[in-house]
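Undergrad: structure of the sequence below:
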Amino acid sequence: MLRRPRLAILDRYILAEMAMPFLFGVAVFTLLAATIGVVFDLLRWLADNRLTLAVALEILVLRLPEFIILALPMSMLLTPLLVFNTLGRRSELVALQGCGVSVYRLALPILLVGFLLAGLTFGLNETIAPQTNYQALQIQTAALRRPQQKFREKNIFYREFVDNTLSRIFYARQFDGQQMQRVTILNFDQGKLDQIIVANGAEWDQKQKHWDFQQGTVYSLTPNTESSSYTSIQPFQVTQLPLPSTPLQLATETRKIEQMNRWEATQFLQAIEQTGDQKWIRRWKVGIQEKNALPFTCVVFGLIGAALGLSSYNRSQTSRGFGLSLAMIFAYYLLNSTCISLGEGGLLSPLLAAWLSPLVGLLTGGWLLFWAAR
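TA: Residues are numbered from 1 along each chain as shown. This is a model prediction of the structure:
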C-alpha cells in the first residue's frame, strides 16, 4: 500500500512557526498598499460627499486582490526574518545546527512556501485581480460622474504589414461605438500605393466578417518609378471589403494591461503590433513579461528573508534585520521600476526588463544564504 509523502518534523515545525508572522505580514502590507493605493483618495471623496460609504467600501473590497498580490512577496521577506529570530532567541537554531542541520536545510521550507505563493499569485493575477480592478474602476467612474470612455472616439489608425512590407493603412477620423466615420484606406502592392478608398462611414459586420462601407469612392492607381496616375475612379453607395477587424479591436479596447489577464493582453498585443507604433508595442510586451515575472518575486523575497533571518539571529540584531528587509524591498522595487522604464524606452529587451530584478534578487539571496552558512 502506497503511503502519501509527508513533510519532515522539522519542516512542519518551521511552517507552523511561520503561520502567524505570515498572516501578520499579509495584513500589514495589504493595509499599507491599500492606504497608499486607494484609501487616501476614498477618504477625500467621502469628505467631499462625492462617494457614499457603501460605494467606497465596495471599491476598497474590489481592489483588495491587487493589494494582496503586492503584499504576498513582502510578507515572504518579513516572515522568515521574524521566525528565525524567534527560534534564535530560544536557542533552537543553535541546537539544530549542533545536530548537523545546515542553513540550506533550514531555508528549504521557506523556499517551498515561496513557490506555493508564486502559484497563488499567478492564479490571482490571472483570474480575480484583472476583473475586480476593472469593476472597481467602472463603479468609481460612475459614482464620481466622470465620463467613462468605452471606446476611442477619434483618430483610429492601423497599419498592416506582409513580410515586413507595408500593405495597408486604415484611418478613421471618428468612431461612435458602432460606425467608423470619414474613413480612408491606402492599399499598397509591394510597397507602392495602388489603391485609395475614401468613405463617409464603415461598420463591421460580425456575422459576415467583413466591413460595410457607405458613400465613398475607390481610386485605383498605376504606380511607376516616376509618378502614380489614376486608372479608374469608382463611386459607391455601399460596398463590402474583407478587411480584418483589428481597427475595431483597437477602438473598443480601453482596458489597461493590469485589468487583463495574460491571454487577453497577448491577444491585444497581436492587434497593436499591426499599428507599427513601437512605443505602444514595447509597453505591452514589457507589461506581459512583468506579469510572467511577478509571481517569482515570492521565491526571491523568501530566499532573501531566510538568508537575512539566519545570518542575524545569533547577533541579536532583530531591529537591524527588519530595517534591512525594508531597505531590500525598496531597493528591489526601485530596480524593478528602473528596468521597466528602460524596457519601455527600448534600452532593454522586454524579457530582460521584466526578469532582471528577480535575477538580481535571486543572486543576492543566494549570496546572503551562502554568507549565512559560513
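
Undergrad: where does the stretch 251-374 of the chain have low pLDDT?
TA: Scanning the stretch 251-374 of the chain for pLDDT under 70 picks out 312-323.

Undergrad: and Trp367, how far from Gly287?
TA: Distance, Trp367 to Gly287, by CB to CB, to the nearest Å: 30 Å. C-betas here are computed from N, CA, C, even on glycine.

Undergrad: tell me which of these two has more neighbours.
TA: Gly287 (21 against 12; other CB atoms under 10 Å).

Undergrad: residues contacting the closest residue to that one other than its chain neighbours?
TA: Nearest non-adjacent residue to Gly287, counting by CB to CB, 6 or more residues apart in numbering: Ile257, 4.0 Å away. Contact analysis of Ile257 by CB atoms under 8 Å, 6 or more residues apart in numbering lists Ala265, Trp284, Gly287, Ile288, Lys291.

Undergrad: please identify which helix or strand holds Leu31.
TA: Assigned by DSSP states H and E, Leu31 belongs to helix 9-34.

Undergrad: after that helix, next one along is what?
TA: Following helix 9-34 toward the C-terminus (DSSP H and E): helix 40-47.

Undergrad: mind giving me the packing neighbours of that next one?
TA: When contacts are defined as 3 or more CB pairs under 8 Å, 6 or more residues apart in numbering; DSSP states H and E, helix 40-47 packs onto helix 53-89.

Undergrad: chain center to the helix it packs on: distance?
TA: The chain centroid and the centroid of helix 53-89 are separated by 19 Å under CA atoms, centre = their mean, to the nearest Å.

Undergrad: and that helix with helix 40-47, angle?
TA: Per axes from the mean of the first three to the mean of the last three CA atoms, to 10 degrees, the angle that helix 53-89 makes with helix 40-47 is 140 degrees.

Undergrad: check which helices and strands the helix or strand that helix 53-89 is followed by sits against.
TA: Using DSSP H and E, the helix or strand that follows helix 53-89 towards the C-terminus is helix 92-98. Here helix 92-98 touches helix 53-89, helix 103-126, going by 3+ CB pairs under 8 Å, 6+ apart.

Undergrad: tell me what the next helix or strand after the shortest one is packed against?
TA: The C-terminal neighbour of helix 103-126 among helices and strands, as given by DSSP H and E, is helix 128-143. Using 3+ CB pairs under 8 Å, 6+ apart, the elements in contact with helix 128-143 are helix 53-89.

Undergrad: so what secondary structure elements neighbour the helix or strand that contains Gly305?
TA: Under the criterion of DSSP H and E, Gly305 resides in helix 297-312. Packing partners of helix 297-312 (3+ CB pairs under 8 Å, 6+ apart): helix 53-89, helix 103-126, helix 318-344, helix 350-373.

Undergrad: any idea of the angle it forms with helix 350-373?
TA: Using the same axes, to 10 degrees: helix 297-312 against helix 350-373 is 20 degrees.

Undergrad: widest-spaced pair of the contacts of Ile257?
TA: Trp284 and Lys291 (10.6 Å; CB to CB).

Undergrad: where's the closest residue to Phe170 other than its chain neighbours, which helix or strand?
TA: Leaving aside its sequence neighbours, Phe170 sits nearest to Tyr158 (CB to CB, 6+ apart; 4.2 Å). Using DSSP H and E, Tyr158 falls within strand 154-162.

Undergrad: what pairs with the next helix or strand after that strand, parallel or antiparallel?
TA: Going down the chain from strand 154-162, the next helix or strand is strand 165-175, by DSSP H and E. Note on strand 165-175: by DSSP bridges, its sheet partners are strand 154-162 (antiparallel), strand 179-189 (antiparallel).

Undergrad: so what touches strand 165-175?
TA: 151-161, 180-188, 190-191, 202, 243, 247, 251.

Undergrad: for Arg283, what are its contacts?
TA: Listed by CB under 8 Å, 6+ apart, the contact partners of Arg283 are Glu344.

Undergrad: if you count neighbours, what's buried in the one helix or strand it maps to?
TA: Using DSSP H and E, Arg283 falls within helix 278-293. By 16 or more other CB atoms under 10 Å, the buried positions in helix 278-293 come out as Ile281, Arg282, Arg283, Trp284, Lys285, Val286, Gly287, Ile288, Gln289, Glu290, Lys291, Ala293.

Undergrad: okay if I get these as a markdown table plus distance to Leu46?
TA: Below are the buried residues of helix 278-293 laid out as a markdown table (distance: CB to CB, whole Å):
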| residue | distance to Leu46 |
| --- | --- |
| Ile281 | 40 |
| Arg282 | 39 |
| Arg283 | 34 |
| Trp284 | 35 |
| Lys285 | 39 |
| Val286 | 36 |
| Gly287 | 32 |
| Ile288 | 36 |
| Gln289 | 38 |
| Glu290 | 33 |
| Lys291 | 33 |
| Ala293 | 36 |
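
Undergrad: of all these, which comes closest to Leu96?
TA: For the buried residues of helix 278-293, the nearest to Leu96 is Ala293 (33.8 Å; CB to CB).

Undergrad: right, and that closest one touches Trp355 too?
TA: Yes. Counting by CB atoms under 8 Å, Ala293 does reach Trp355; the two are 5.1 Å apart.

Undergrad: relative to Gln195, how far out is the residue found closest to Ala71 once you drop the neighbours it is linked to in the chain?
TA: Among residues not flanking Ala71 along the chain, Phe29 sits closest, at 3.7 Å (CB to CB, 6+ apart). Distance, Phe29 to Gln195, using CB to CB: 58 Å.

Undergrad: Leu221 in helix, strand or coil?
TA: Of the three states, Leu221 takes strand according to DSSP: H, G, I helix; E, B strand; the rest coil.

Undergrad: tell me the pLDDT of it.
TA: Here, the pLDDT recorded for Leu221 equals 84.

Undergrad: buried ones in stretch 246-266?
TA: 246-252, 257, 259-262, 265.

Undergrad: which one of the residues you listed sits closest to Leu342?
TA: Closest to Leu342, out of all of those and judged by CB to CB, is Ile257, at 17.7 Å.
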